[in-house]
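Visitor: Sequence and predicted structure, then a few things I'm wondering about:
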Amino acid sequence: MKVFTERGLINSFEVNGRAMYEGRTQPHINFYCQSCGKIEDSDIHGDLNVIESNVKGKVLSSIILVRGICEECLRLEKENEIVSEI
């Protein structure tokens with residue numbers, strides 16, 4: 001996997017100490033749900049040059065990992081709150 005990552009054929013990132021690999025190499029955001037563990041990809045809308053303008057050097061690649069709670073888990077939490085109020 002290391003060779004594939006070094007050649008830019010796959011991306012790798014870490015979630016909770018576990019290596020994750022993906023074939024999508026174009027810029028995007030990885031959203032990790034801390035409740036169910038699901039990882040979803042989201043497109044980046046905007047100019048990636050903004051990232052490069054904030055670092056001292058040339059950006060060759062980037063991996064953006066955002067942690068939160070997915071829509072489905074939020075919906076289930078809300079449903080459980082309603083049921084517990086009854």
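Guide: Arrived safely, thanks for sending. Numbering: from 1, shown residues only.

Visitor: Show the contacting residues for the spatially most central residue of the chain.
Guide: Note on the chain: the residue nearest the mean C-alpha position is residue 30, at 1.5 Å, using C-alpha atoms, centre = their mean. Contact analysis of residue 30 by C-beta atoms under 8 Å, 6 or more residues apart in numbering lists 13, 20, 22, 39, 40, 41, 63, 64, 65, 66. The way it works is simple: take the backbone N, C-alpha and C, and place the C-beta from them, glycine included.

Visitor: So which of those residues sits lowest on pLDDT?
Guide: In terms of pLDDT, the least confident member of the contacts of residue 30 is residue 63, at 83.

Visitor: Look up phi and psi at the residue nearest to the centre of the chain.
Guide: phi -100, psi 120 (degrees, to the nearest 10).

Visitor: Local confidence estimate at it?
Guide: 94.

Visitor: who does it bridge with?
Guide: For residue 30, the beta-bridge assignment (DSSP bridges) gives partners residue 41, residue 65.

Visitor: just the buried members of the contacts of residue 30?
Guide: Buried subset of those (neighbour count, 16 or more other C-beta atoms under 10 Å): empty, as none qualifies.
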